[in-house]
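Enquirer: for reference, the sequence and a predicted model appear below.
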Amino acid sequence: ALLNMDCQGLVARLVMDFVLLTTAVEVAGRWRELAERLVKVSRQQMDAYEAPHRDKNGVVDSEAMWKPAYDFLVTWAAQIGDSYRDVIQELHMGLDKMKSPITKRWKHLTGTLILVNCLDVLRSSAFSPAAQDDYAI
């Protein structure tokens, strides 16, 4: 419906936000490994992502580890630029480079990559009025 209303930018933004959040949740405790695969991040920078999420004892609870992962991914994606395709492609390649890559069992990101590469085609043809003889009966 959003594509039909010519809101491709909104669709792309929603898809990218969904990808970043679900990736953060999926990698959670392994986010540091992903960060190393995507960019050169120092230990101090990684600690800085975790600092706001530490409890009174200075520990990030394992159930909250997705939060620094998300913070990192949002910052990283902003540095890649405005191309949601590039962000998702780079993220996919980074995940593939991890030890025991999650992309082997987590197919959502591959499907999303296919979707974003087809948005232009979907926008231009899927919602355009079709000629009467184009319908299959």
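Expert: Ah, there it is.

Enquirer: neighbouring contacts of stretch 110-129?
Expert: With Cβ atoms under 8 Å, 6 or more residues apart in numbering as the test, stretch 110-129 has contacts from 3-4, 6, 8, 11-12, 15-16, 18-19, 84-85, 88-89, 92, 103. All C-beta atoms are positioned from the backbone trio N, CA, C, and that covers glycine.

Enquirer: sorry, that was for stretch 18-28
Expert: 31, 33-34, 62, 65-67, 69-70, 72-74, 77, 87-88, 91, 95, 98, 102, 106, 108-109, 112.

Enquirer: for the longest helix belonging to the chain, buried residues please.
Expert: Using DSSP state H to define each element, the chain has its longest helix at helix 8-27. Across helix 8-27, burial judged by 16 or more other Cβ atoms under 10 Å covers 11-12, 15-16, 19-20, 22-24, 26-27.

Enquirer: now render those residues as CSV, adding distance to residue 56 and pLDDT.
Expert: Formatted as CSV, the buried residues of helix 8-27 follow (distance: Cβ to Cβ, whole Å; pLDDT from 0 to 100):
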residue, distance to residue 56, pLDDT
11, 42, 85
12, 40, 84
15, 38, 88
16, 35, 89
19, 33, 90
20, 29, 93
22, 30, 91
23, 29, 92
24, 24, 93
26, 28, 90
27, 26, 92
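
Enquirer: ok, back up a step: after the longest helix of the chain, which helix or strand is next?
Expert: Counting by DSSP states H and E, the next helix or strand C-terminal to helix 8-27 is helix 31-38.

Enquirer: could you give the separation of stretch 6-23 from the chain centroid?
Expert: 8 Å (Cα atoms, centre = their mean, to the nearest Å).
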